[in-house]
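Novice: whatever this is, show me its structure:
(6 chains, ligands or ions: 6)
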Amino acid sequence: MIRVAVVGAAGYIGGELLRLLIGHPEVEVAAAVSSRFPGKRVDGVHPNLRSATDLLFCSADEVDECDTVFLATPHRAAMTQIHRWIGQAKQVIDLTGDFRLDDTEVYQRYYGTAHAAPHLLGDFVPGIPELHRESLRSADLISVPGCMAVAGVLALYPLVARDLVEPMAQFDARTGSSGSGATAGEANLHATRSGAMRVFAPTGHRHEAEISRHLGIPARMTATGVEAVRGVQTICHVTLRPGADRSAVRGAFREQYRDEPFVRLVAHQRGAFRYPEPKILLGSNFCDVGYAVDEAAGRMVTIAALDNLMKGGAGNAVQCLNIRMGWPEALGLSFPGLHPV
Amino acid sequence: MIRVAVVGAAGYIGGELLRLLIGHPEVEVAAAVSSRFPGKRVDGVHPNLRSATDLLFCSADEVDECDTVFLATPHRAAMTQIHRWIGQAKQVIDLTGDFRLDDTEVYQRYYGTAHAAPHLLGDFVPGIPELHRESLRSADLISVPGCMAVAGVLALYPLVARDLVEPMAQFDARTGSSGSGATAGEANLHATRSGAMRVFAPTGHRHEAEISRHLGIPARMTATGVEAVRGVQTICHVTLRPGADRSAVRGAFREQYRDEPFVRLVAHQRGAFRYPEPKILLGSNFCDVGYAVDEAAGRMVTIAALDNLMKGGAGNAVQCLNIRMGWPEALGLSFPGLHPV
Amino acid sequence: MIRVAVVGAAGYIGGELLRLLIGHPEVEVAAAVSSRFPGKRVDGVHPNLRSATDLLFCSADEVDECDTVFLATPHRAAMTQIHRWIGQAKQVIDLTGDFRLDDTEVYQRYYGTAHAAPHLLGDFVPGIPELHRESLRSADLISVPGCMAVAGVLALYPLVARDLVEPMAQFDARTGSSGSGATAGEANLHATRSGAMRVFAPTGHRHEAEISRHLGIPARMTATGVEAVRGVQTICHVTLRPGADRSAVRGAFREQYRDEPFVRLVAHQRGAFRYPEPKILLGSNFCDVGYAVDEAAGRMVTIAALDNLMKGGAGNAVQCLNIRMGWPEALGLSFPGLHPV
Amino acid sequence: MIRVAVVGAAGYIGGELLRLLIGHPEVEVAAAVSSRFPGKRVDGVHPNLRSATDLLFCSADEVDECDTVFLATPHRAAMTQIHRWIGQAKQVIDLTGDFRLDDTEVYQRYYGTAHAAPHLLGDFVPGIPELHRESLRSADLISVPGCMAVAGVLALYPLVARDLVEPMAQFDARTGSSGSGATAGEANLHATRSGAMRVFAPTGHRHEAEISRHLGIPARMTATGVEAVRGVQTICHVTLRPGADRSAVRGAFREQYRDEPFVRLVAHQRGAFRYPEPKILLGSNFCDVGYAVDEAAGRMVTIAALDNLMKGGAGNAVQCLNIRMGWPEALGLSFPGLHPV
Amino acid sequence: MTTPMQTCPECEDEVRISQAARLNEIVECAGCRNELEVVALNPTVLALAPEVEEDWGE
Amino acid sequence: MTTPMQTCPECEDEVRISQAARLNEIVECAGCRNELEVVALNPTVLALAPEVEEDWGE
Ligand SMILES: NC(=O)c1ccc[n+]([C@@H]2O[C@H](COP(=O)([O-])OP(=O)(O)OC[C@H]3O[C@@H](n4cnc5c(N)ncnc54)[C@H](OP(=O)(O)O)[C@@H]3O)[C@@H](O)[C@H]2O)c1
Ligand SMILES: NC(=O)c1ccc[n+]([C@@H]2O[C@H](COP(=O)([O-])OP(=O)(O)OC[C@H]3O[C@@H](n4cnc5c(N)ncnc54)[C@H](OP(=O)(O)O)[C@@H]3O)[C@@H](O)[C@H]2O)c1
Ligand SMILES: NC(=O)c1ccc[n+]([C@@H]2O[C@H](COP(=O)([O-])OP(=O)(O)OC[C@H]3O[C@@H](n4cnc5c(N)ncnc54)[C@H](OP(=O)(O)O)[C@@H]3O)[C@@H](O)[C@H]2O)c1
Ligand SMILES: NC(=O)c1ccc[n+]([C@@H]2O[C@H](COP(=O)([O-])OP(=O)(O)OC[C@H]3O[C@@H](n4cnc5c(N)ncnc54)[C@H](OP(=O)(O)O)[C@@H]3O)[C@@H](O)[C@H]2O)c1
Ligand SMILES: [Zn+2]
Ligand SMILES: [Zn+2]
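Specialist: Numbering: from 1, shown residues only, chains lettered A, B, ... in the order given. Ligands and ions are numbered 1, 2, ... in the order given. From the prediction side, this is the model:
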């Protein structure tokens, strides 16, 4: 049993971390930090945890030493508080955007502010088990990528790693409303957000930078909020390299993900769910990946789907923890998702 | 490990049973019966089970002897096939409406047809752990009640058992679209059913009869299909007996459900989720129960919510199995539900 | 052409009034009052009015004399500002709760505050054309009832007026999220409100008092927020008087509403829309009314549906204006609603 | 007054045509053709038309001579029946895919069948007022384009016409469930389709061919079904030509659509609705068009939204009729859309 | 041309029957949407047409 | 360490008070989620903390 603390525990990612960690057989939740609700019951904010826990929120100052700290605060708060948490825990798993990029200039361009702890950028191992499993086994600083970035990277990595596509990726990402957190304002009012197809980032979404970093090719992303609470789907348009065909593409995906516990290939010929769709992934840690090749046109499309609070955030973080601790990678992450839903 | 078979495995209840039973540590799924899809992969119909199972559907004739059979067929099919399954398994857990009533005349009135196995009606133990736990420990024939009936019975039983309310209950039930199964026709077309508030049973819903049977008082139910896939909520209006007040009501619920693993009292003064709501219960086996007392008017309202495929069907059936087998009652049923969702 | 002003024009009811009045052939919108957005374009807040108007919001002080003022402010603001508007316009049509009740004690009980203009309560004519058409023809103070109250009153009035039912009505009301206005807080965040079945008023909803006033019998209401933006549906449970049967009920509804332009009887034997449903009424001014009689039990159910911003608010107000001005009653209100939607 | 007939009147497009034509001051609906429902009331299938019409469906054989026939049948039925209808009416306005392409080979490639009336392909004027208004004034055969094609063409035409972008367009289209018509099968069951992000056409969607025809450049389209009943949105990625900048783009859109009654430019800096969104367009005939330019990257994105049954089908057809008849172009099409909704 | 109104045996709403109505013709009642059969002529008599009960499936 | 249970004055549910509780400290009742104020010690007495009514806004 290790003792963990969750900072930002009253938020959506914080709540999902609590759900997973409370249910995790090797973990004891020692602290759930919230500045607004210290002393209040955790299940007052997260009603799904009723009867699962009697835990109370506490303030940051009340946190004792513990093994692992998860940071689920808004952007910027992690990099300003990072030294405090490094001093208090053996591992820090950061879920914010603060340590996802390794280049301060790119950071400045995408986040519009200077980085507050640039010397630490290189010390964080990216929390993408599919690309960095070995480094994660001993990582004490882990930075979990953005939800659309995870989807985008996993959908394209097998092709880029094998040089099957031209070095330019155009992403079209769709996301549910939980992607903007529990503190969002009137644009997230139900009557306004319901049934939306809101192009909130026609160009220049921050996850572009993460994808480019991990794939080593330029990435462009248009992001749209659609009707859903949870769920991210990315469509990626790429151009096939000469010689690359459907068979090579299929082989690349199969080889890459054969043994991955949380990546499934979904590119079927029949059925309503023949390509990846987020709704059957709610609460699960899978990232489903599919593709369609238009050989005649020399182009192809990849499709990825996940639950932004799970493989797109808290679930992925717990998977990283499992790897770091040498536990079975799927421990506490076995919920398969629902259908119909 | 016991070996179980699911009949009607290609339906919604069947799929939910498969999800739970495949994930159950003491159970091996020996057969998933479907007449339309024998030889086809189970995850072709239930895409959430991809990577969880390689099971294929089979026809009824291919089922070997097994320990427990779950019947998740349409109404009427269970009572005509019951002898076959009794001969083949030690326990039969029926999820259809066929063995829920113990009176053939009431059955005829509510189902519009004569019962095909009236002599067996008395042999089935109702699958309501909260009322029949002791009998379930040795039951070999179990009949799991309807989704709205479970909600209605649990919401009212503590009051009726203590004579706190007048013997007449008016229910207003709301249900998601999965309540009508996967074989429904054009009234369940997305464009028609989406955003609906469809009063499909203004009077005389079948679950009235079940509630009356279990509570011993007349029950009336109006049922409406609302926008949701999963989820049932019942509102019940009752009149307080002279002398019954808020304190007595509260005490009744608390006493009744103090040790129940899957009934939670939700009647708070604050928060958006202060009364029972189905959406935070998706995939979980809880039935949340709440109430509001209008002492001045001598009336009160009880509210119950559950996931119709879980505590309203498959989850409840697995809870019954756990009781019958002497296993921990929550085995394989620990998913707490999601928030936000 | 008359000149009208809308106070509270940046709200949901205000926006709906603007849509209707801008499209009304006999009306010129002289002022759209908002305290937050004076000088800003009206279509910045109400994007559906793009290209329909170049109107700017103004402050209350900028309003010139005009013929009719519509008050669409929050509760309490109307009764404190009423003298100002009476001085400035020939007619005041109030859509708030402030002048809906004629009894200050009942007001105090339901609104928790003393009334600020009790002497005016008797001067307002209730804005229910179906009950008060004659008085409305010359009314200079009109109070439009609450959305669920309109539905409830229209669903029951024909029965009560003919003494067909016992004097006690139990309502179960469901509403979309626009019913709580554009200024609601975090309980209306999309991720929280989406897919909700939120019992926000288990007992004692304010519209009870209005229904009781208009029907002269006690009314009880339980209100639930369901997944929808627009739309209200009320189910009402009543007991038949001795001698009252299906035929009498049918005759009562038919006679009462035969010539009503905005009440339709919907109680069919077939089709997915056999009872009233709000979704096909979005943007229309209809209140659909239906019923089902359980003669054996001596009970019946009435069902009503409407768009809360239309017949439940702004549309009804414009209907009242048309009557007051002697114009065709449906002028500017001809949109029939959509299907599918 | 002209007399019109609608063929395929029991479908979604047929129903929308009926709604518009019944409400049109210059049109009398002489026939609503349905093979399944002859003699049945039109409002039995289209419940929003209750009280708007007593019209009955008839069979094709019962149609008398009339001025204009609208064809809203499935694909293929129009081209096989076309001679019959040409013989019976002065104008035929076809809403199917049958006469949208002018090249039989392209037709064969995208529809997988040979064209049944290839000699007529050149006689149909495309029903895009914004591109073909002059020809439409005297057209007797009009072919209304597909819903996503209208959106795609209007979003890109100003740029292509002025040579501002490279000749290759990548579209990402999203659509509600009504886009697949009222006769769809189990993939459109509510529980399956609800909350979907279904990539039903990763490559090779038929509307590619239409867009290419009208723009004269290759177009690629990926189409996804999202949670909505009505509504289409297209995102288009294009590369700027050297020298083309934001100012040129803005000028192109403004010049092109300055006087268009049903195209609005929506590319704002603030507000939740700063780019085109279908939900505020339900029932309206607008196509909203917006864009975002990434000058540094030399790329841009255009965004278009419409109601697929209106500007994407029936509304556009009525606009074409108005032009053909010399009536005001917006006659019967004045509904502005709702907010909130 | 329509004959004077008939009354629906189910809901008592008025039902319009065309003068050309034949025996066994089915008409639809606008009030309750039941199908009615013309079971006699001169005078016209309507009866509920036999019908499989339509299920909403809920 | 916690003292033996106190009873919520609103819903009569049991409320755990830490032994270190001070006067005027606010605790939350698990049964009804009301905020309770410690208004006396030895023995501990709880009272409903004054609170603005929370509105759902519907
Ligand atoms: N939502 C997603 O899908 C998703 C996915 C992956 C990663 N992320 C990342 O995860 C982080 C949390 O996202 P979220 O969606 O959970 O946001 P959220 O719901 O807004 O929660 C953020 C929480 O942080 C706390 N907080 C606010 N300011 C703080 C500060 N200065 N220091 C410490 N805590 C502070 C807040 O609680 P108190 O004010 O009570 O402390 C709040 O509950 C963000 O960095 C986000 O980018 C989100
Ligand atoms: N949906 C709910 O919320 C819910 C809750 C509690 C209880 N129930 C009850 O559970 C049962 C199943 O409901 P459901 O919603 O899962 O329905 P469903 O989705 O329609 O599934 C029923 C399944 O039964 C099979 N089936 C059809 N006819 C059969 C026959 N004559 N013999 C054997 N199998 C047959 C069908 O598959 P094949 O044709 O391929 O065999 C079908 O997949 C019903 O009795 C229902 O009342 C449902
Ligand atoms: N929503 C419904 O379904 C519905 C139906 C029937 C009746 N009603 C009634 O209609 C009224 C408006 O409801 P709504 O849903 O439109 O609410 P809303 O969206 O919250 O709008 C109310 C508007 O009133 C303005 N306002 C706030 N305080 C004010 C004050 N003290 N004096 C003047 N104006 C003030 C606000 O704009 P500024 O602050 O910019 O001035 C706001 O835009 C309420 O009384 C409600 O009960 C609502
Ligand atoms: N849905 C959209 O968003 C949209 C937008 C633009 C264009 N369109 C096009 O409009 C047409 C209709 O689409 P829809 O969505 O309205 O489809 P729909 O809802 O399926 O309706 C098609 C109608 O055509 C009738 N029909 C079927 N077979 C026929 C035949 N062989 N001859 C004559 N009528 C036949 C059917 O009624 P009966 O069997 O009773 O005659 C049915 O009601 C399609 O070509 C579609 O591509 C659709
Ligand atoms: Zn009738
Ligand atoms: Zn309490």
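
Novice: can you check which helix is longest in chain A?
Specialist: Criterion DSSP state H: the longest helix present in chain A is helix A:147-161.

Novice: from the chain's centroid, how far away is that helix?
Specialist: 12 Å (C-alpha atoms, centre = their mean, to the nearest Å).

Novice: can you pull the contacts of the residue with the largest distance to the centre of chain A?
Specialist: The outermost residue of chain A, judged against the average C-alpha position, is residue A:296 (34.4 Å), by C-alpha atoms, centre = their mean. Residues near residue A:296 by C-beta atoms under 8 Å, 6 or more residues apart in numbering or on different chains: none. Yep, even glycine has a C-beta here, placed from its N, CA and C like the rest.

Novice: against chain B, how distant is it?
Specialist: 29 Å (C-beta to the nearest C-beta, to the nearest Å).

Novice: now do the same for that residue: helix, strand or coil?
Specialist: Three-state call for residue A:296 (DSSP: H, G, I helix; E, B strand; the rest coil): coil.

Novice: show me what from chain E comes close to ligand 5.
Specialist: With the criterion set to C-beta under 5 Å from the ion, chain E comes near ligand 5 through E:8, E:10, E:11, E:13, E:29, E:31, E:32.

Novice: quick one: is stretch A:305-321 near chain C?
Specialist: No - Stretch A:305-321 does not reach chain C (C-beta under 8 Å from any C-beta of the partner chain); its nearest approach is 10.2 Å.

Novice: quick one: mean pLDDT over that stretch.
Specialist: Stretch A:305-321 carries an average pLDDT of 98.

Novice: mind listing the residues bridging to the residue nearest to the spatial centre of chain E?
Specialist: Computing the C-alpha centroid of chain E and ranking residues by C-alpha atoms, centre = their mean puts residue E:36 first, at 2.7 Å. Here residue E:36 sits in beta bridges with residue E:27, residue E:48, going by DSSP bridges.

Novice: next, count neighbours for the closest residue to residue A:64 other than its chain neighbours.
Specialist: Once flanking residues are discounted, residue A:64 sits nearest to residue A:30: 6.5 Å by C-beta to C-beta, 6 or more residues apart in numbering or on different chains. A total of 21 residues lie near residue A:30 under the criterion other C-beta atoms under 10 Å in any protein chain shown.

Novice: check residue E:23 too.
Specialist: Residues lying near residue E:23 (other C-beta under 10 Å) number 10.

Novice: ditto for the one 5 residues further on
Specialist: Other residues lying near residue E:28 total 20 when counted by other C-beta under 10 Å.

Novice: now do it against chain A, distance only.
Specialist: 34 Å.

Novice: that residue: what's it in contact with?
Specialist: D:39, D:40, D:41, D:44, E:34, E:35, E:36.

Novice: try it again at 10 Å.
Specialist: Applying C-beta atoms under 10 Å, 6 or more residues apart in numbering or on different chains to residue E:28 gives the contacts C:270, D:37, D:39-41, D:44, D:56, E:8, E:15, E:34-36, E:49.

Novice: same question, residue A:186
Specialist: Counting by C-beta under 10 Å, 6+ apart, residue A:186 has contacts A:192, A:193, C:182, C:183, C:184, C:185, C:188, C:189, D:272.

Novice: which stretches of the chain form strands?
Specialist: Just going to use chain A. Ranges of strands within chain A are A:2-7, A:27-33, A:57-58, A:66-71, A:89-94, A:125-126, A:141-143, A:169-175, A:197-201, A:219-226, A:232-239, A:263-265, A:287-294, A:299-306, based on DSSP state E.

Novice: not quite, I wanted chain E
Specialist: Ranges of strands within chain E are E:6-7, E:14-15, E:26-28, E:35-40, E:45-48, based on DSSP E.

Novice: quick one: low-confidence residue ranges for the chain.
Specialist: Because you didn't say which chain, this covers chain A. Scanning chain A for pLDDT under 70 picks out A:184.

Novice: my question was about chain E
Specialist: For chain E, applying pLDDT under 70 flags the ranges E:1-4, E:51-58.

Novice: coming back round to it: now tabulate the strands of chain E in CSV and tack on distance to residue C:127.
Specialist: Formatted as CSV, those follow (distance: least, C-beta to C-beta, whole Å):
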stretch, distance to residue C:127
strand E:6-7, 36
strand E:14-15, 32
strand E:26-28, 36
strand E:35-40, 40
strand E:45-48, 41
